[in-house]
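*Asks:* sequence and computational prediction follow.
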Amino acid sequence: MFDKVSPAENPDKPERAKKRILPQLRRTKPEHHVGLKPRVGWHRRNFLSEVVWPSLFERRTGERRSPEFPELKSGQVALTWIGHASFLIQAPGVNLLIDPNWARWLKVIKRMREPGLELHALPDIDAVLITHAHFDHLDKRTLRKVAAEQPIVVPRNVGRLVHGLGFDRVHELEVWESMQLGPVKVTMTPAHHWGARMLADSHRGFGGFIIEVEGRSIFHCGDSAYFPGFAEIGKRVPVDVALLPIGAYDPPSGREVHMTPEEALRAFVELGAQTFVPMHYGTFRLSYEPAWEPPSRLIECAGSAGLLERVCFLREGEPRVF
């Protein structure tokens, strides 16, 4: 467990740290907020009958493993994909969870693949990071189970959703704000998405995270449609491993709120990252495209671009050292 948590920019000002933990609520929409108006003709398809209802009769696939977490040397990091956008990130003496979600249902949306490991198989977690408040990324039941008086980091106006779940400190970050969690530097990055959990809370922030530890950098995109901001992220912080979403690009509303595999590959190139780890596909049917399509399209476009060897598909529950 980390002994000290402080803002990276001003570690000598603890009074500022307190203000950052509980900022004043602002109800303005964050920058890069996507439009909420459905695409023309969205009602011609029926998501309930085409996707939700048939999935109820499909068996869940995948398995919950009992992984042996690697002993890491200085300069090494390990990633374990839990499924969807959930990852365990490890460095020597450090265990972080990002967007942990062990839920079997998102309301009426069935989880189609088992989480990669059991919750009780996790190592002691030093901190939790949440990219935004959507139910597939912020699952309160999971957070209650992993909370053990460690800090949790969330975007602005999301802190009130996680208070009282068992974390000792709740830190809200603005886009491009950084803070130090023990040996780990965490920076919130922009995204092109939205953060509302319900209909009337579009003021909630959203974004991704750059995690810097042991001289390595990992970028977790959160959810995002494609936008020019990926190039800026890569210019600000060189990225070793980019965790990028490739699914849910054909949603019921027809809005452009997630990247296609081709757009995710473009984002990877503009980031200037070394390794592309795909995520946000196959676990929950949030969109019309079949589960097999996102990885298939990514393999095809990455192969055509000569980048396939830099794409690293992870199996749920199997740690990979980078």
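*Replies:* Sure, I can see it.
*Asks:* what sits up against stretch 293-312?
*Replies:* 246-247, 249, 260-262, 264-265, 268-269, 274-278, 281-282, 313, 320 (Cβ atoms under 8 Å, 6 or more residues apart in numbering). (C-beta placed from N, C-alpha, C; glycine too.)
*Asks:* repeat for stretch 224-236
*Replies:* 32, 34, 176, 189-193, 208, 210, 219, 239, 245, 256-260, 263-264, 266-267, 270-273.
*Asks:* what subset of the contacts of stretch 293-312 is buried?
*Replies:* Among these, the ones that count as buried by 16 or more other Cβ atoms under 10 Å are 246-247, 249, 260-262, 264-265, 268-269, 275-278, 281-282, 320.
*Asks:* ok, the residue positioned nearest the centre of the chain - contacts?
*Replies:* The chain has Gly222 as the residue nearest its centroid, 3.7 Å off, counting by Cα atoms, centre = their mean. Contact analysis of Gly222 by Cβ under 8 Å, 6+ apart lists 85, 99, 131-132, 137, 191, 193, 206-209, 245.
*Asks:* do Arg64 as well
*Replies:* 114-118, 121, 317.
*Asks:* filter these to the buried ones?
*Replies:* By 16+ other Cβ under 10 Å, those give 114-117, 121, 317 as buried.
*Asks:* now, the most widely separated pair of those?
*Replies:* Greatest spacing in those, by Cβ to Cβ: Glu114 and Ala121 (12.7 Å).
*Asks:* before we move on, back to that, closest to Glu149 out of the contacts of Gly222?
*Replies:* Looking across the contacts of Gly222 and measuring by Cβ to Cβ, the closest to Glu149 is Asp99, at 20.2 Å.
*Asks:* next, the distance between the ends of stretch 250-268.
*Replies:* 21 Å (Cα to Cα, to the nearest Å).
*Asks:* averaging pLDDT per element, find the lowest-scoring helix or strand in this protein.
*Replies:* Least confident helix or strand of the chain, by mean pLDDT, DSSP states H and E, is helix 14-21 with a mean of 40.
*Asks:* still on that earlier bit, in helices only, show me the contacts of stretch 293-312.
*Replies:* 261-262, 264-265, 268-269 (DSSP state H).
*Asks:* let's have those in JSON lines, adding distance to Ala91.
*Replies:* JSON lines is the format used below for the ones in helices among the contacts of stretch 293-312 (distance: Cβ to Cβ, whole Å):
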{"residue": "Pro261", "distance to Ala91": "29"}
{"residue": "Glu262", "distance to Ala91": "32"}
{"residue": "Ala264", "distance to Ala91": "25"}
{"residue": "Leu265", "distance to Ala91": "27"}
{"residue": "Phe268", "distance to Ala91": "22"}
{"residue": "Val269", "distance to Ala91": "26"}
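*Asks:* nearest to Gln90 among those?
*Replies:* Phe268 (22.6 Å).
*Asks:* excluding chain neighbours, what is closest to the closest one?
*Replies:* Leaving aside its sequence neighbours, Phe268 sits nearest to Phe276 (Cβ to Cβ, 6 or more residues apart in numbering; 4.5 Å).
*Asks:* try Leu143
*Replies:* Leu165 (4.9 Å).
*Asks:* and the one you found, what is it in contact with?
*Replies:* Taking Cβ under 8 Å, 6+ apart, one finds 140, 143-144, 147, 152 in contact with Leu165.
*Asks:* kindly recompute the last result at 7 Å.
*Replies:* 140, 143-144, 147 (Cβ atoms under 7 Å, 6 or more residues apart in numbering).
*Asks:* also Glu63?
*Replies:* Glu63 makes contacts with Glu114, as judged by Cβ under 7 Å, 6+ apart.
*Asks:* and the gap between it and Ala91?
*Replies:* 27 Å (Cβ to Cβ, to the nearest Å).
*Asks:* that older thread, dump the contacts of Gly222 to a markdown table, plus distance to Leu48 and pLDDT.
*Replies:* Converted to a markdown table, the contacts of Gly222 look like this (distance: Cβ to Cβ, whole Å; pLDDT from 0 to 100):
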| residue | distance to Leu48 | pLDDT |
| --- | --- | --- |
| Ala85 | 24 | 97 |
| Asp99 | 26 | 98 |
| Thr131 | 27 | 97 |
| His132 | 25 | 93 |
| His137 | 23 | 95 |
| Ala191 | 28 | 93 |
| His193 | 24 | 85 |
| Phe206 | 26 | 93 |
| Gly207 | 31 | 96 |
| Gly208 | 31 | 97 |
| Phe209 | 34 | 98 |
| Pro245 | 24 | 97 |
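*Asks:* dump those to TSV, plus secondary structure.
*Replies:* Formatted as TSV, these follow (DSSP: H, G, I helix; E, B strand; the rest coil):
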residue	secondary structure
Ala85	coil
Asp99	coil
Thr131	coil
His132	coil
His137	coil
Ala191	coil
His193	strand
Phe206	coil
Gly207	coil
Gly208	strand
Phe209	strand
Pro245	strand
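*Asks:* that older thread, nearest to Ser202, of the contacts of Arg64?
*Replies:* Of these, the one sitting nearest to Ser202 (Cβ to Cβ) turns out to be Pro115, at 29.7 Å.
*Asks:* that closest one: which element?
*Replies:* For Pro115, there is no host helix or strand (DSSP states H and E).
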